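In: Next come a sequence and a model predicted from it.
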Amino acid sequence: MYQVLIDLLRRCRETGDQANPNQTQPCLERINRWKQDYPLVAPQNPDSISPQEAIAEIGKMAPDAYYTTDVGQHQMWAAQFLKNGPRQWISSSGLGTMGYGMPAAMGAKVALPNREVICIAGDASIQMNIQELGTLAQYGINVKIVIINNGWQGMVRQWQQAFFGEGYSASNMEMGMPDFVMLALAYGIKGMMIYRRDEIKEAIAEMLAHNGPVLMDARVTKDENCYPMVAPGKSNAQMIGLPIHKQLEQAVGLIACSNCGAKNTNSNNFCPECGTKL
Ligand SMILES: Cc1ncc(C[n+]2csc(CCOP(=O)(O)OP(=O)(O)O)c2C)c(N)n1
Ligand SMILES: [Mg+2]
């Protein structure tokens, strides 16, 4: 890899090629159009905190924080709903390392002691490295950890539901789930728990105001699914769960896929049903 870069730089110098800083502009504009056409909306469930609204609310109350994540649905929602700027979202991303969030947050905080650092964790993922609560206590590392607690390995549950005939196996976390508040206390750090929508703001404010590490157990809607997603064996062009954009459909009309007949807006390059080039 290193050698490739050296060769590339040498070649650029030889040919005098100048990087064009605007060359990604059309691509970025296209992505921005998609964001307008398919806006993300956090569900507002009457009886429970939706995971998306919990994350969006934290993002609003700590807009300049560095965020780290574990792996699963909460990771996807953190990517979708946090708007805290470039180079401040620290995640194992596609490498998918459950348990990454808390140690990553510790590292970020030690490197940047004056910045707010928040870990968006999963109730299963956090247990991969839960012993690090002891390190937080030992060194007084002031990071905030919010467990988006849906009582499931939510990402696994969603796949079992969608693609494996609702055969839920080893994905429910409720039996044997530790009491996270007591666990935090046992390690000597502050623990909090929320489950009502009307307590979100106040609880986040209390968490942020605390001068020391906090573990917050945010009990959220248990069966929320994360979209859009790509089914096994399909391509990104075949993603499912995109919101239908009514105005867009009316404005541009629909075209039928020549392969499967599915109706597509003509802003689609590929049919989301079968992947055929339109
Ligand atoms: C170490 C490790 N083991 C297994 C997986 C596969 N995996 C991906 S997401 C997931 C479940 C995560 O559950 P949770 O942390 O509760 O997140 P949620 O999807 O519920 O938000 C599993 C088992 C992984 N990514 N990393
Ligand atoms: Mg979970």
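Out: That came through, no problem. Ligands and ions are numbered 1, 2, ... in the order given.

In: Can you give me the distance of Lys201 to Ile194?
Out: 10 Å (C-beta to C-beta, to the nearest Å). (Each C-beta comes from the backbone N, C-alpha and C, glycine too.)

In: quick one: which of those two has more around it?
Out: Ile194 (22 against 12; other C-beta atoms under 10 Å).

In: Flag every residue of the stretch 51-200 of the chain that's near ligand 1.
Out: Contact residues (C-beta under 6 Å from any ligand atom) of the stretch 51-200 of the chain with ligand 1: 70-74, 96-98, 122-125, 128, 148, 150, 152-156.

In: Write the PyMOL selection for whichever of those are buried.
Out: Remark: buried members of those, expressed as a PyMOL selection using 16 or more other C-beta atoms under 10 Å:
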select buried, resi 70+71+72+73+74+97+98+122+123+124+125+128+148+150+152+153+154+155+156
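
In: Which of the residues of the stretch 51-200 of the chain next to ligand 1 fall in helices?
Out: 73-74, 154-156 (DSSP state H).

In: Looking at these, spot the one nearest ligand 2.
Out: Gly154 (4.3 Å; C-beta to the ion).

In: Tell me who's in contact with the residue nearest to that closest one when sequence neighbours are not counted.
Out: Nearest in space to Gly154, with sequence neighbours left out and distances taken as C-beta to C-beta, 6 or more residues apart in numbering, is Gln73 at 4.1 Å. Residues counted as contacts of Gln73 (C-beta atoms under 8 Å, 6 or more residues apart in numbering) are 51, 122, 148, 150, 154-155, 158, 224-226.

In: Kindly reformat those as a markdown table and extend each row with distance to Leu82.
Out: Formatted as a markdown table, those follow (distance: C-beta to C-beta, whole Å):
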| residue | distance to Leu82 |
| --- | --- |
| Pro51 | 13 |
| Gly122 | 15 |
| Ile148 | 12 |
| Asn150 | 18 |
| Gly154 | 18 |
| Met155 | 18 |
| Gln158 | 20 |
| Glu224 | 17 |
| Asn225 | 19 |
| Cys226 | 14 |
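
In: which of those sit farthest apart?
Out: Gly122 and Asn225 (14.7 Å; C-beta to C-beta).

In: What residues does the stretch 1-150 of the chain have near ligand 2?
Out: Residues of the stretch 1-150 of the chain lying close to ligand 2 (C-beta under 5 Å from the ion) are 122-123, 150.

In: Quick check: what element follows the lowest-mean-pLDDT helix or strand in the chain along the chain?
Out: Every helix and strand in the chain was compared by mean pLDDT, DSSP states H and E; the lowest is helix 246-252, with a mean of 60. Moving toward the C-terminus from helix 246-252, the first helix or strand encountered (DSSP states H and E) is strand 254-256.

In: Not counting sequence-adjacent ones, nearest residue to Tyr109?
Out: Just so we're on the same page, residue 109 is Lys rather than Tyr. Nearest to Lys109 is Val117, by C-beta to C-beta, 6+ apart, at 4.3 Å.
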